[in-house]
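*Asks:* generate a structure from the sequence data that follows.
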Amino acid sequence: MNRTLLEGRIHDALPQTQCKRCGYNDCLGYAQAIALGQAHINQCPPGGQEGVRRLSMITGLPAQAIDPDFGAEGPRTMAFIDEDWCIGCTLCIAACPVDAIVGTNKRMHTVIEAHCTGCELCLPVCPVDCILLDNVSAEATGWAAWSTPQADHARGRYEQRSLRLQRETVEQAQRLVAKAELKVSDMGEHSQHKDPAVLAKKRAIIEAALERARAKRLPG
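*Replies:* All right, here's what the predicted structure looks like:
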């Protein structure tokens, strides 16, 4: 099977929780690693043994028990925030891979239940340990606790967030370039130094930085 096609089929079979428990940054990274023969098919606890079976059917590799080094199959969980302890630091918002947490700086945050994948990535970043987990699937685990529509929804949320972060990175870089170009256009006005030699040195440094930024071909 064509590797790109294989990678796509593997990716489609993953639960899209984006939890990183497999050892990769996201489900796509894990799918690519499996397709390249760099990862085993039993590294995804959220998918459980049913997930391993699905990956086995796609890859032709033998099904194995979930590798305990990557965690254990368990019920589906959902994060919730204890409002009495939340300090509004926004660290959990930055950590959430599917934008399931909303709030502003120094204001109480909350989890949007429909979007939470139970990835647990918000837990270690919370400085006051105000994020807890709820079991929302009783005794059901793996794919018995998670559906394909939920996986598709989570994948869409993750991809939208990734595009937003890429756009914000580009926009920030463009703002910095514009600011630097303004300084270069009138060094005397935008610097506390008036010595021509000092201004010339600062101009050379800024122009070199601008040249590096332009070399990245930022969209105009």
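*Asks:* what's near enough to touch the residue nearest the centre of the chain?
*Replies:* Nearest residue to the geometric centre of the chain (C-alpha atoms, centre = their mean): Pro97, 4.1 Å. Taking C-beta atoms under 8 Å, 6 or more residues apart in numbering, we find Pro97 in contact with Gln18, Cys19, Asp26, Thr117, Cys119, Leu121, Tyr158, Arg161. Quick note: C-beta positions are derived from backbone N, CA and C, even for glycine.
*Asks:* show me the two of the residues you listed that sit farthest apart.
*Replies:* Cys19 and Arg161 (14.5 Å; C-beta to C-beta).
*Asks:* still on that earlier bit, for the residue nearest to the centre of the chain, give me the pLDDT.
*Replies:* Listed pLDDT for Pro97 reads 98.
*Asks:* angles on the backbone of it, please.
*Replies:* phi -80, psi -10 (degrees, to the nearest 10).
*Asks:* ok, the one 5 residues further on next?
*Replies:* Main-chain dihedrals, Val102, degrees, to the nearest 10: phi -120, psi 150.
*Asks:* can we start the residue count at 841 from this point?
*Replies:* Will do, 841 is the new start, and the previous item becomes Val942.
*Asks:* neighbours around it, how many?
*Replies:* Close neighbours of Val942, defined as other C-beta atoms under 10 Å, add up to 13.
*Asks:* if it is in a bridge, with which residues?
*Replies:* Assessed by DSSP bridges, Val942 has beta-bridge partners Thr950.
*Asks:* give the contact list for it.
*Replies:* Remark: with contacts taken as C-beta under 8 Å, 6+ apart, Val942 is in contact with Ile933, His949, Thr950, Ile952.
*Asks:* likewise Asp939?
*Replies:* Ile933, His955, Arg997, Gln1000, Arg1001.
*Asks:* that one should be in a helix, yeah?
*Replies:* No. Asp939: not assigned to a helix; according to DSSP: H, G, I helix; E, B strand; the rest coil it is coil.
*Asks:* quick check: mean pLDDT across the top helix by length along the chain?
*Replies:* Counting residues, the longest helix found in the chain (DSSP state H) is helix 988-1025. Helix 988-1025 shows a mean pLDDT of 86.
*Asks:* and it, what does it pack onto?
*Replies:* In this structure, helix 988-1025 makes packing contacts with helix 1036-1055, judged by 3 or more C-beta pairs under 8 Å, 6 or more residues apart in numbering; DSSP states H and E.
*Asks:* what number of residues lie near Ala853?
*Replies:* 25.
*Asks:* check what pLDDT it gets.
*Replies:* For Ala853, the model assigns a pLDDT of 98.
*Asks:* tell me the contacts of it?
*Replies:* Under the criterion of C-beta under 8 Å, 6+ apart, the neighbours of Ala853 are Gly887, Gly891, Arg894, Leu895, Ile898.
*Asks:* one more time with 10 Å, if that's ok
*Replies:* When contacts are counted by C-beta atoms under 10 Å, 6 or more residues apart in numbering, Ala853 touches 867, 871, 874, 881, 884, 887, 890-891, 893-895, 897-899, 983, 988, 991.
*Asks:* His851 now?
*Replies:* Contacts of His851 by C-beta under 10 Å, 6+ apart are Asp866, Cys867, Leu868, Gly869, Tyr870, Ala871, Gln872, Ile874, Ala875, Arg995.
*Asks:* same deal with Ala954?
*Replies:* Ala954 makes contact with Met918, Ala940, Gln990, His993, Arg997, according to C-beta under 10 Å, 6+ apart.
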